[in-house]
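*Asks:* quick check, what structure comes out for this input:
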Amino acid sequence: MAESQELQVQQKREVEKKTEGTTPGRAFVPVTDIFETPEALTVVLEMPGVDRNSIEANVEDDIVTIEGRIDFSKYEGMQPVYTEYNVGHYARSFQISNKVDQSKISAQMKDGVVTIVLPKAEQAKPRKIQVS
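*Replies:* Numbers count the residues shown, from 1 in each chain. Coordinates of the predicted model:
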């Protein structure tokens with residue numbers, strides 16, 4: 001039996017930009033988990049404070065990119081007394097292989113959590129081989 005691993009909580013990380021941005025505010029890497037089943041890979045990203053209409057998800061050149069924008073007007077006039085939670089946009093990209101059926105990728109958001117399903121291509125799914 002495999003040994004159990006202790007999960008570690010990570011601090012919020014800011015996106016390392018390689019180019020200059022035109023959007024005001026900082027962007028953070030959303031906390032992400034990736035699960036695999038025989039049928040698909042499932043990517044779960046936390047984007048608290050992001051509205052469903054403020055999310056953009058794309059797949060291009062074997063890269064899935066997801067960005068979530070915060071409405072900063074919700075925070076106008078607030079003066080922080082104590083903060084542990086940084087407010088900002090979210091951005092994350094994943095390179096995918098040809099084992100993912102890109103035409104069937106789907107995404108949904110519920111309660112600040114984005115779930116992206118990357119279905120495996122038929123040739124990548126496990127199967128039994130008939131022995132003759």
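
*Asks:* Gln123 belongs to a helix?
*Replies:* Yes - Gln123: assigned to a helix according to DSSP: H, G, I helix; E, B strand; the rest coil.

*Asks:* I'd like the distance between the closest residue to it other than its chain neighbours and Lys110.
*Replies:* Counting by Cβ to Cβ, 6 or more residues apart in numbering, the nearest residue to Gln123 once its immediate chain neighbours are dropped is Lys99, at 7.8 Å. All C-beta spots, glycine's among them, are computed from the backbone N, C-alpha and C. Here the criterion is Cβ to Cβ, to the nearest Å. By it, Lys99 lies 27 Å from Lys110.

*Asks:* quick one: low-confidence parts of this protein?
*Replies:* 1-25 (pLDDT under 70).

*Asks:* picking that back up, and Lys99 and Lys110? Which one has more around it.
*Replies:* Lys99 (12 against 8; other Cβ atoms under 10 Å).

*Asks:* isn't the more buried one up against Ala124?
*Replies:* Yes - using Cβ atoms under 8 Å, Lys99 is in contact with Ala124, at 3.6 Å.

*Asks:* mind checking the longest strand of this protein?
*Replies:* As assigned by DSSP state E, the longest strand anywhere in the chain is strand 50-60.

*Asks:* Three-state assignment for the residue nearest the centre of the chain, please.
*Replies:* Among the residues of the chain, the one closest to the centroid is Leu45, at 4.0 Å (Cα atoms, centre = their mean). Of the three states, Leu45 takes strand under three-state DSSP.

*Asks:* for it, which residues make a bridge with it?
*Replies:* In this entry, Leu45 is beta-bridged to Thr32, Val114, by DSSP bridges.

*Asks:* OK, contacts around it?
*Replies:* Counting by Cβ atoms under 8 Å, 6 or more residues apart in numbering, Leu45 makes contact with Pro30, Val31, Thr32, Ile66, Tyr90, Arg92, Val113, Val114, Thr115, Ile116.

*Asks:* next: Asp111.
*Replies:* Asp111 touches nothing, counting by Cβ under 8 Å, 6+ apart.

*Asks:* what does the one 10 residues further on give?
*Replies:* Applying Cβ under 8 Å, 6+ apart, one finds that Ala121 lies in contact with Asn98, Lys99, Val100, Asp101.
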